[in-house]
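pasting the sequence and the predicted coordinates here, then a few questions.
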Amino acid sequence: MEATKKAGIIIDYNFQRHSAITGPPQYLLWITIKNMAALDRGVQEEEVAKTVICSTEVRTRPEWAG
């Protein structure tokens, strides 16, 4: 998330944990974007992912599948 923020894809993000009295805790990832067009940045997000993680081809190799 920090890399996408530095790349200008998102404005900000926030992670919150909510504890319920009954049941497991719930998590919320709040992402702030400039406008709806910011959601159509798959190419830019892929470039960020390549620098942070690795390429899609490497991530989808069978030996990487859990």
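Nice, thanks for sending it over.

check the offset of the top helix by length along the chain from the chain's centre.
Residue-count comparison of every helix in the chain, with assignments taken from DSSP state H, identifies helix 42-52 as the longest. Between the centre of helix 42-52 and the centre of its host chain there is 10 Å, according to CA atoms, centre = their mean, to the nearest Å.

do the same with stretch 20-36
The offset between the C-alpha centroid of stretch 20-36 and the centroid of the whole chain comes to 13 Å, using CA atoms, centre = their mean.

next, the distance between the ends of that stretch.
32 Å (CA to CA, to the nearest Å).

would you mark the buried spots in it?
Along stretch 20-36, these residues count as buried under the neighbour rule (16 or more other CB atoms under 10 Å): residue 31. (Glycine included, C-beta is placed from N, CA and C.)

one step back: which helices and strands does the longest helix of the chain pack with?
helix 2-6 (3 or more CB pairs under 8 Å, 6 or more residues apart in numbering; DSSP states H and E).
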